[in-house]
Structures are given as structure tokens and as C-alpha cells.
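Engineer: what's the 3D shape of this:
(one chain, ligands or ions: 2)
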Amino acid sequence: MDTPDPRAQADAAGVAGEILRPRPKGAARRMRILFLGDIVGRPGRSIVFERLGQVRRDLSLDLVVANGENASGGIGLTAKAARQLLDAGIDVLTGGNHIFRHKDILPVFASEDRLLRPANYPPGAPGVGWRVYRPAGLPAFAVINLLGRVFMPAVDCPFRAADAILAEIPTDVTLCLVDFHAEATSEKKALAYYLDGRVSAVLGTHTHVQTNDAQLLPRGTATLTDCGMTGPAASALGMAPEEVIARYLTGLHHRFVVARTPPEMQGALLDVDAATGKVVTIAAWRLT
Ligand SMILES: [Fe+2]
Ligand SMILES: [Fe+2]
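Structural biologist: Numbering: from 1, shown residues only. Ligands and ions are numbered 1, 2, ... in the order given. Reported below is the predicted structural model:
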């Protein structure tokens, strides 16, 4: 039998609070989902490899979704890293503005259903931006990956892309998670309210800074403006601060490198009513 890591319990309980209490009797139809913010570089991959299995057991997780757009060298995702992260216990990997950085990931989109890229890239981009999954023993669920347009590359409208996707998702699929990979808090809040009552959760990624605004919106959609980062905690968004400072001081190009400081996992922890797809509880979550 595995021994729970007391540090993991304490750290998680300190942030997630009530959600970590034992599930009440009759709550068998609850699903517990962990959504991890952007995995950054080797430190981010390492903490997933070393700790996610235990976290899955400690928190009785049914599902883990993670944004992998920075997992390789801090920018992009290689085919090897994608495979290793999926093997380490991540059920679905989502992307963002850097997801196509490493060319060897492109053919993986054709063969790996558990890898998504933002749905609102223009037509012709490799891969797809949403899927319905029907795992054995669990309710069917959908994951939608969208990219914001404020201070971001020019892509199609994420609001209208969401409308089009929701029109295609079969009606028996009530659990729907949205990864909205975006810079501006205003755009993230707007999309969360736009989709309120139509999806289970709108979870922000991309900024690498976890926000403190987990909430249930009036029509029941859960949201957290940014899930944060799974990567080196003492850093400038995952990068060593020295080169970032030098770029600001001089205006010249300085190549950023991933910080070699101890990693954290950060994300959102959700308890969901499996029958309705409604989130019962959402909390920001972190593990040092
Ligand atoms: Fe990003
Ligand atoms: Fe990122």
C-alpha cells in the first residue's frame, strides 16, 4: 500500500480546503478532476513524473487534464514529452500559442486522441481542438481548448468557435471542460460568463500565475481565471529571471532559459456531479 505524502496532503488541504474532505456516502456519482496549469520545462515534467501518481491516489482523482504547451524547453511540446506526460497519468493534454513550436509534435496530432490544440486556429492547422472521451467506468466527457485574441496571435473568434463546438457535442455528454488559453483576464472572464450554464468549467491557462478567483457562476459553470504553472516556482513565469531582466533593461534579445529551481504543481481541483456534469466545488490547488 502506498503511504500518502503528508507534505502533499498539507499543502493541498491548505489551499483546496473543503474539497479534500472524504467524499460523503451517496456521493459515488461524483467525479474528481485535477486540471494542471501550463507544464514548464524539465522541472515541470519532473514533478509530474515523480508526484502525479501519488497525487492521483491521495486525492482519488478520476481525471487529470493538463496544459502542455511549455513542457519542452519552456516553449512547445515535443513528441517524446507528450508521450511521457500521458504515460505519467495525464489523461488529456491541451495546448496553446506555443503548441506547434517543435515540428515533431505535428504528426502526433494525427495519431494521439489525447492531445488537443486550440480549436480556433484557422482551418488547416494540424490536430483538433476538442474531443469527446468515453472512458470505461466513467461518464463521457468533452474537453475544449480555445485560444484568446487579446495580446495573442491572430486566430479565429474563440466565442463563436465555442458556439460551433457546443452545437456538435452529443447531448448525452454533460461534462464539458474548457481550457481557455489567454492573456487578458477580461477576455477570460467574458468567455466564462458567455459559456455559463453551457459547460461545466472554463479554466484559464497561459499566464503561469495562478489567480485567486475560483467560483461558480450564476448558471453553474465553474471558473478559475488562471490555473497557474506546473514548473519552477522561483522564476519569471518559469524562466530564469536574469535573462528576462536583461531583455527589459536593454531591449535586446536575450535567450530565455528554464529556471532550475524546485517545481510546484498548480491547477484547479473540481468535484463534479457525474449525472449532471455540474461542478459542485472548485478550488485553486497547488503542491510544492
Ligand atoms: Fe501560452
Ligand atoms: Fe504557457
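
Engineer: right, is stretch 250-263 up against ligand 2?
Structural biologist: No: if you take CB under 5 Å from the ion as the test, stretch 250-263 misses ligand 2, and the best it gets is 11.9 Å. Bear in mind the C-beta positions are built from the backbone N, C-alpha and C, glycine included.

Engineer: Stretch 93-102 too?
Structural biologist: No: counting by CB under 5 Å from the ion, ligand 2 is not contacted by stretch 93-102; separation bottoms out at 5.5 Å.

Engineer: Tell me the span between the first and last residue of that stretch.
Structural biologist: Its first and final residues considered, stretch 93-102 spans 15 Å by CA to CA, to the nearest Å.

Engineer: Near Ala167, how many other residues are there?
Structural biologist: Using other CB atoms under 10 Å, Ala167 has 7 neighbouring residues.

Engineer: Which strand or helix spans it?
Structural biologist: Take DSSP states H and E as the rule and Ala167 turns out to sit in helix 158-168.

Engineer: Which strands and helices lie in contact with that helix?
Structural biologist: Judged by 3 or more CB pairs under 8 Å, 6 or more residues apart in numbering; DSSP states H and E, the packing partners of helix 158-168 are strand 141-147, strand 175-181, helix 185-194.

Engineer: got the angle between the second one and strand 141-147?
Structural biologist: Read that as strand 175-181. Put simply, strand 175-181 runs at 20 degrees to strand 141-147, going by axes from the mean of the first three to the mean of the last three CA atoms, to 10 degrees.

Engineer: so what strands line up beside strand 175-181?
Structural biologist: Using DSSP bridges, the strands paired with strand 175-181 are strand 141-147 (parallel), strand 201-205 (parallel).

Engineer: between these, which one is nearest to ligand 2?
Structural biologist: Of all the strands paired with strand 175-181, strand 201-205 sits nearest to ligand 2, with 6.5 Å by CB to the ion.

Engineer: ranking the strands paired with strand 175-181 by burial, who's on top?
Structural biologist: strand 201-205 (a mean of 30; mean count of other CB atoms under 10 Å).

Engineer: Quick check: residues of the chain near ligand 1?
Structural biologist: Gly96, Asn97, His206.

Engineer: And the residue of the stretch 151-288 of the chain closest to ligand 1?
Structural biologist: For the stretch 151-288 of the chain, CB to the ion, closest residue to ligand 1: His206, 3.9 Å.

Engineer: Contacts only, for the closest residue to that residue other than its chain neighbours.
Structural biologist: Excluding its sequence neighbours, the residue lying closest to His206 (CB to CB, 6 or more residues apart in numbering) is His181, at 4.6 Å. Taking CB atoms under 8 Å, 6 or more residues apart in numbering, we find His181 in contact with 67, 69, 94-97, 118, 145-148, 204-206.

Engineer: Reformat the residues you listed as a markdown table; add distance to Tyr194 and pLDDT.
Structural biologist: Output for those, formatted as a markdown table (distance: CB to CB, whole Å; pLDDT from 0 to 100):
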| residue | distance to Tyr194 | pLDDT |
| --- | --- | --- |
| Asn67 | 21 | 98 |
| Glu69 | 23 | 97 |
| Thr94 | 19 | 98 |
| Gly95 | 21 | 98 |
| Gly96 | 20 | 98 |
| Asn97 | 21 | 97 |
| Pro118 | 16 | 98 |
| Asn145 | 16 | 98 |
| Leu146 | 11 | 98 |
| Leu147 | 15 | 98 |
| Gly148 | 13 | 98 |
| Gly204 | 14 | 98 |
| Thr205 | 18 | 98 |
| His206 | 18 | 98 |
